[in-house]
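**Q** Dropping a prediction and its sequence here:
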Amino acid sequence: MIKIVLIEDLPMVLEGLKLIINNIKDFTIVGEYSNGKEFTDALGSIEADIILTDIDMPIMDGIMATKLALSLKPHLKIIALSMYNDRKYYYEMVTAGAKGFVLKQAPSKDLEKAIREVYNGGNYFSPDLLRSVIIEMQGLEQEIIKEKKDLLKLTDRETKMLNLICQGLTNQELADKLFVSVRTIETTKSRLMEKTNSRNNAGLIIWAVKNKVVTI
């Protein structure tokens, strides 16, 4: 059984989440909280595999709750429940340690897929988020980005590919953009995943943003 905690301040959204989760036979809800403070106050007694948290909540938001929870229990796997207008918070949620983002407007199958992917050690973004991905990073200094690239031994091609992956391009689109074969793209992407300890595009995006090696 995958044990899930829900943190959501809107009763109708909470009821919808419960309906979806309760209809999946190997999912079980082990806790419900209406804000981050309620959740973190109860953290000592919580045994869960996945935390689903809203971002924008009263008293304590999802960002602060994620930071605090992971400082006390680093093994927790947290997925953010997001609205389109939460984009300004995405970078903070990534750096706080969230492993995935699911749009509240997404089909229920996206939520199930996200939970399974993160439970198994991966990362997840709702497909609709991939092309508008995440983050306001325009303020980063170029020398910081260069320093990170040098430290992580990223080639120019790998860095360019990371930028394009963060724009949601497919392997074929990457090949067309970089004037190489799809096989070359797959090889470079595999090397990137190995360097960054990522499993998929969502993992690469989270890694790139968290390590400040791309501007979006």
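**A** Done, it's in. Numbers count the residues shown, from 1 in each chain.
**Q** Could you use CA atoms for every contact and neighbour count after this?
**A** Fine.
**Q** which regions of this structure lie under the pLDDT threshold?
**A** Applying pLDDT under 70 to the chain picks out residues 84-88, 127-152, 214-216.
**Q** mind listing the helices for it?
**A** All helices of the chain, identified by DSSP state H, fall at 11-22, 36-41, 62-72, 87-96, 108-119, 127-130, 142-152, 156-165, 171-178, 182-196, 201-210.
**Q** And the last one, how far out from the chain middle?
**A** The chain centroid and the centroid of helix 201-210 are separated by 8 Å, computed with Cα atoms, centre = their mean, to the nearest Å.
**Q** do you know how far whatever residue is furthest in space from the centre of the chain is from L154?
**A** The centre of the chain is farthest from one residue, F179, which by Cα atoms, centre = their mean lies 29.7 Å away. Per Cα to Cα, to the nearest Å, F179 is found 19 Å from L154.
**Q** coming back round to it: which of the helices of the chain sits closest to D56?
**A** The closest of those to D56 is helix 62-72. By Cα to Cα, the value is 6.4 Å.
**Q** Can you list the neighbours in contact with the closest one?
**A** 35-37, 39-40, 43, 53-56, 76, 78, 80, 89, 92-93, 96-98 (Cα atoms under 8 Å, 6 or more residues apart in numbering).
**Q** From L17, how far off is the residue nearest the centre of the chain?
**A** Nearest to the geometric centre of the chain sits G100, at 2.6 Å (Cα atoms, centre = their mean). To L17, G100 is 16 Å away according to Cα to Cα.
**Q** Kindly report the same for R199.
**A** Applying Cα to Cα, the value for R199 to L17 is 27 Å.
**Q** re the thing from before, and of the helices of the chain, who's closest to I2?
**A** helix 108-119 (7.9 Å).
**Q** got the angle between the closest one and helix 11-22?
**A** 70 degrees (axes from the mean of the first three to the mean of the last three Cα atoms, to 10 degrees).
**Q** other SSEs contacting helix 108-119?
**A** Under the contact definition 3 or more Cα pairs under 8 Å, 6 or more residues apart in numbering; DSSP states H and E, helix 108-119 sits against strand 50-54, strand 78-82, strand 100-103, strand 124-125.
**Q** can I get these in JSON lines with distance to L70?
**A** JSON lines is the format used below for these (distance: least, Cα to Cα, whole Å):
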{"stretch": "strand 50-54", "distance to L70": "11"}
{"stretch": "strand 78-82", "distance to L70": "9"}
{"stretch": "strand 100-103", "distance to L70": "15"}
{"stretch": "strand 124-125", "distance to L70": "18"}
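**Q** Which of these sits closest to M193?
**A** The nearest among the helices and strands packed on helix 108-119, by Cα to Cα, is strand 124-125 at 14.7 Å.
**Q** quick one: strands adjacent to the closest one?
**A** strand 100-103 (parallel) (DSSP bridges).
**Q** can you list the domains in this protein?
**A** 2-129, 142-210 (automatic domain parsing).
**Q** tell me the most buried of these?
**A** domain 2-129 (a mean of 18; mean count of other Cα atoms under 10 Å).
**Q** next one: that one to chain centre, how far?
**A** The answer for domain 2-129 is 10 Å, by Cα atoms, centre = their mean.
**Q** Nothing else from me, thank you.
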